[in-house]
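Asker: Below is the sequence, then the predicted model.
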Amino acid sequence: MNKSNRRKFLGTAAALCAGTAAAAMPGQAAAKKPPMCHHVFFWLKNPGSKEDRDALIAGVKSLSKIPTVRDLRVGVVANTEARGVVDSTWGVSELIFFDDLAGEAAYQVHPIHEEFIKKCSHLWEKVIVYDAMEV
């Protein structure tokens, strides 16, 4: 193998190795995304109370300590354009990801979840849950 071909080969091999390693990292993370999504919307009894909203947010965040919770996100209504398909009547949302249905079932009866309901249920007047599996 002459010097020019060897340099091309080594350069191509190095580029392929670097590209493969870089591509494998996000691909592995994406492959391990939890497939179960539990999205809960809360309507506050006192929607104008920042204190009530903050107490509910703190309560929701405590749910991240449950072992089967893989990721937890807490949100409030975004100030987006008013459109007929957008419901902005709720106050706080939680988005939780689980590895499977068994993880979500364990979450439902976990003492931290039960304590959250006990301590925070007086803050909301309505709750809607959307559970979904990734396809």
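Answerer: Now that the structure is in, tell me what you want to look at.
Asker: Doesn't residue 127 belong to a helix?
Answerer: No: when classified by DSSP: H, G, I helix; E, B strand; the rest coil, residue 127 is found to be strand rather than part of a helix.
Asker: correct me, but it touches residue 42?
Answerer: Yes: at 5.6 Å, residue 127 and residue 42 qualify as touching, with contact defined as C-beta atoms under 8 Å. In short, each C-beta sits where N, CA and C put it, glycine included.
Asker: Neighbour count for the two, which is higher?
Answerer: Taking other C-beta atoms under 10 Å, residue 127 and residue 42 do not tie; residue 42 has more neighbours (23 against 12).
Asker: Could you measure from the more buried one over to residue 134?
Answerer: Distance of residue 42 to residue 134, computed by C-beta to C-beta, to the nearest Å: 24 Å.
Asker: what does residue 65 give?
Answerer: 24 Å.
Asker: what's the answer for residue 66, then?
Answerer: 20 Å.
Asker: So the two - more neighbours on which side?
Answerer: A count of neighbours by other C-beta under 10 Å puts residue 66 above the other of residue 66 and residue 134, at 19 against 9.
Asker: what are the ranges of the helices in the protein?
Answerer: With DSSP state H as the criterion, the chain has helices at 3-31, 50-62, 101-109, 111-120.
Asker: mean pLDDT for these: which is lowest?
Answerer: Of all the helices of the chain, helix 3-31 carries the lowest average pLDDT, namely a mean of 46.
Asker: got the domain boundaries for this structure?
Answerer: Structural domains annotated on the chain: 1-31, 36-133, as defined by automatic domain parsing.
Asker: which one of the ones you listed is the most hemmed in?
Answerer: domain 36-133 (a mean of 15; mean count of other C-beta atoms under 10 Å).
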